[in-house]
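K.L.:
okay, here's the prediction I keep looking at, along with the sequence it came from:
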Amino acid sequence: MSPSRASLDKLPHEVAEMFDDVARRYDLTNTVLTGGIDHLWRRSVARAVAARPGERVLDIAAGTGTSSEPYADRGVQVVPADFSLGMLREGYRRRPDLPFTAADAMSLPFADGSFDVVTISFGLRNVADVDAALRDFLRVVRPGGRLVVCEFSQPVVPVLSTVYDQVVLRALPAVARRVSSNPDSYVYLTETIREWPDQKALAERVRDAGWQQVRWRNLTGGIAAIHHAVAPDRPGPLS
């Protein structure tokens with residue numbers, strides 16, 4: 001059973017079950033729904049992460065590992081983590097060489113300072129407590145480490161904003177019925193996109209969680225955005 005409405009009080013087990021249901025055709029559905037733009041966005045994220053061999057990358061909400069593969073293929077140590085066991089199983093079936101790990105973004109099962117980079121793509125809006133997650137991302141990254149968040153955002157061109165809201169988002173559930181194994185879940189996902197904060201508001205939340213040098217770059221006119229941040233050189237108390 002998938003949640004019927006997006007809200008600030010998401011039930012994690014319901015969201016996990018929803019992703020379990022869509023795991024098998026999730027990547028295909030995303031490609032169809034975005035017209036293939038998702039591949040361009042993921043390449044932009046990989047460039048923003050700029051991981052080098054020898055660095056450790058934590059890829060949160062990695063799903064089936066599609067977002068993790070570019071790092072692994074370049075010899076970067078990457079840990080794909082997700083709270084959906086269905087996604088992890090599908091990912092391991094495809095790429096048994098990757099260390100898929102079950103993880104709750106709000107309470108990660110990793111030691112302090114374990115990673116050089118934490119990244120999450122199109123998953124932060126599905127976390128029940130976004131601020132707690134951002135603080136825990138900071139905990140597991142080394143001092144001076146990096147955060148890269150890619151998420152749906154608010155189009156910055158008025159005409160694009162209208163078309164996106166009135167045409168694209170309204171059409172997503174109907175298109176999903178043709179390609180997804182659980183089309184009702186895309187009603188929920190569409191609502192999370194509409195409720196998600198804009199670029200500036202998300203940047204403020206990242207900064208409030210303790211990250212520094214917060215900035216963002218729009219993708220496709222602001223339909224999505226990549227937020228960058230850097231951990232303090234010396235760890236401070238977490239609130």
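P.N.:
Sure thing, it's come through.
K.L.:
where do the strands sit along this structure?
P.N.:
Ranges of strands in the chain, per DSSP state E, are 56-60, 77-82, 101-102, 115-121, 141-152, 212-219, 224-230.
K.L.:
dump the ones you listed to a markdown table, plus mean pLDDT, mean neighbour count and distance to Pro197.
P.N.:
Any C-beta I mention is one placed from the backbone N, CA and C, and that applies to glycine too. Shown next, in a markdown table, are those (pLDDT from 0 to 100; neighbours: other C-beta atoms under 10 Å; distance: least, C-beta to C-beta, whole Å):
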| stretch | mean pLDDT | mean neighbour count | distance to Pro197 |
| --- | --- | --- | --- |
| strand 56-60 | 98 | 25 | 18 |
| strand 77-82 | 97 | 24 | 23 |
| strand 101-102 | 96 | 14 | 28 |
| strand 115-121 | 97 | 26 | 15 |
| strand 141-152 | 96 | 21 | 9 |
| strand 212-219 | 97 | 16 | 12 |
| strand 224-230 | 97 | 22 | 11 |
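K.L.:
how about those in JSON lines, adding distance to Lys200?
P.N.:
As requested, those are exported to JSON lines (distance: least, C-beta to C-beta, whole Å):
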{"stretch": "strand 56-60", "distance to Lys200": "23"}
{"stretch": "strand 77-82", "distance to Lys200": "28"}
{"stretch": "strand 101-102", "distance to Lys200": "33"}
{"stretch": "strand 115-121", "distance to Lys200": "19"}
{"stretch": "strand 141-152", "distance to Lys200": "13"}
{"stretch": "strand 212-219", "distance to Lys200": "8"}
{"stretch": "strand 224-230", "distance to Lys200": "10"}
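K.L.:
residues contacting the residue nearest to Ile193 when sequence neighbours are not counted?
P.N.:
The shortest distance from Ile193 to any residue other than its chain neighbours is 4.6 Å, reached at Phe152 (C-beta to C-beta, 6 or more residues apart in numbering). Neighbouring residues of Phe152 by C-beta atoms under 8 Å, 6 or more residues apart in numbering: 122, 125, 193, 196, 223-224.
K.L.:
state the pair within those that is farthest apart.
P.N.:
Put simply, by C-beta to C-beta the two of those set farthest apart are Arg125 and Ile223, 13.7 Å from each other.
K.L.:
and the longest helix anywhere in the chain, what does it pack against?
P.N.:
Ranked by residue count and defined by DSSP state H, the top helix of the chain is helix 37-49. Taking 3 or more C-beta pairs under 8 Å, 6 or more residues apart in numbering; DSSP states H and E as contact, the helices and strands that helix 37-49 lies on are helix 26-34, helix 69-73, strand 115-121, strand 141-152, strand 212-219, strand 224-230.
K.L.:
the third one pairs with which strands, parallel or anti?
P.N.:
If I follow you right, that is strand 115-121. Sheet pairing for strand 115-121, assigned by DSSP bridges, gives strand 56-60 (parallel), strand 141-152 (parallel).
K.L.:
just the last one next, same as before
P.N.:
Strand 224-230 sits in its sheet next to strand 141-152 (antiparallel), strand 212-219 (antiparallel), going by DSSP bridges.
K.L.:
contacts for it, please.
P.N.:
Contacts of strand 224-230 with the rest of the structure, by C-beta under 8 Å, 6+ apart, involve 41, 44-45, 48, 122, 144-153, 199, 202-203, 206-207, 211-219.
K.L.:
low-confidence regions, the chain specifically.
P.N.:
Counting by pLDDT under 70, the chain contains low-confidence ranges at 1-36, 158-190, 235-239.
K.L.:
verify the stated contact: Trp216 with Ala201.
P.N.:
No. Counting by C-beta atoms under 8 Å, Trp216 sits too far from Ala201 to count as a contact (10.8 Å).
K.L.:
rewinding a little: can you list the strands paired with strand 115-121 in JSON lines and add distance to Asp129?
P.N.:
Converted to JSON lines, those look like this (distance: least, C-beta to C-beta, whole Å):
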{"stretch": "strand 56-60", "distance to Asp129": "14"}
{"stretch": "strand 141-152", "distance to Asp129": "15"}
